[in-house]
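J.: Take this sequence and fold it.
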Amino acid sequence: MSIATNLQNTLNSIPDHVQLVVVSKTRTHEEIMEAYRAGQRHFGESKAQELTPKAEDLPEDIQWHMVGHLQSNKVKYIVPFVSLIHSVDKLKLLKVINKEGKKNNRVVPVLLQLHIAEESTKFGMDYEEACSLLESEEYRDMKFVDVRGLMGMATFTDDKEQVRREFKELKHSFDSIREKYFPASPSFKILSMGMSDDYQEGIREGSNMVRIGTAIFGPRQNMTTPK
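T.: Reported below is the predicted structural model:
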C-alpha cells in the first residue's frame, strides 16, 4: 500500500484527540512529501544533523518534533525552529535548551522523558529525578523553556500486558506531576507514548500523542525491529 493509504489507515485507528507524529528519520524527502501531500504536518526526527537540513528543504508549515536522544552540543541547531523536543532526560540538557532559547528569543516547548522500560538502553529520568528537576532553583529561573508534558518508551516485547503496565505507570506519573507542579497550567497536557508496535496500548492507557513511522512508511533498510 502507498504511504498515503497507510497514513489514512493509521489516522482511522486513533481517536481525534490523539496527535499523530509521523516519525520520518532515515526517510527521503520524497517519502515525507507523500505524507505531507496527504495532509500530515507533524513529523519526528531522532538526530539533529538529519532534522536541520530537512527543515531547510521541506515546506515551512511542517511542525518538526525531536523524538530521539538529544546531545547538548546539537541543541543550538534545532532550537530556532523545532516545535517540540520530546526527549529532555536531564537538567543539564534543559539548561542548554533554555540558554539557546534565550539566544533566539524563543520559548522552546519540551517534554520530560521518563524511563519506564526494562531495557537499560533507553534514556529517561525516573519519577523522583523529574520531581527534583522541577523543584530545582535552576528550573524555576528558566524563562525560555515550556514543559508541556511527559514522554516515555515501553519495553520492546510481545508481552502487551507488560507494555500496558509501563504505560499505566507513565500516566500515573503524568497525573501526579501535573497536579503537583502544573495545577494552573493548561499547556502541561501532552502525554507522548506509543510507537508503531504499541500505540494502541499507549492510547488505551491515556496517551494523547503517538510517534509512528514504520506502520506508515514501511520497514527501513537493514532494520532489525519494527520500531
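
J.: Quick check: Glu50 touching Val23?
T.: No. Glu50 lies out of contact with Val23 (Cβ atoms under 8 Å); the separation is 11.6 Å. To be clear about C-beta, it is placed using only N, CA and C from the backbone, and glycine gets the same treatment.

J.: What residues of the host helix or strand of Leu7 count as buried?
T.: For Leu7, the host element (DSSP states H and E) is helix 3-12. For helix 3-12, the neighbour count (16 or more other Cβ atoms under 10 Å) marks Ile3, Ala4, Asn6, Leu7, Gln8, Thr10, Leu11 as buried.

J.: what's the answer for stretch 60-73, then?
T.: Within stretch 60-73, the residues that count as buried by 16+ other Cβ under 10 Å are Ile62, Trp64, His65, Met66, Val67, Gly68, Leu70.

J.: Please list the outside residues in contact with the next helix or strand after the helix holding Leu7.
T.: Sequence order places strand 19-23 as the next helix or strand after helix 3-12, per DSSP H and E. Strand 19-23 is contacted from outside by 7, 10-11, 14, 35, 40, 42-46, 65, 67, 190, 192, 195, 208-214, 216-217, using Cβ atoms under 8 Å, 6 or more residues apart in numbering.

J.: 6 Å instead?
T.: Outside strand 19-23, the residues that touch it by Cβ atoms under 6 Å, 6 or more residues apart in numbering are Ala35, Gln40, His42, Phe43, Gly44, His65, Met209, Arg211, Gly213, Ile216.

J.: Show only the entries of the residues you listed found in strands.
T.: His42, Phe43, Gly44, His65, Met209, Arg211 (DSSP state E).

J.: now for these, which pair is the farthest apart?
T.: Phe43 and Met209 (13.0 Å; Cβ to Cβ).

J.: And for Asp141, the neighbour number?
T.: By other Cβ atoms under 10 Å, 9 other residues sit near Asp141.

J.: That one and Leu93: what is the separation?
T.: 16 Å (Cβ to Cβ, to the nearest Å).
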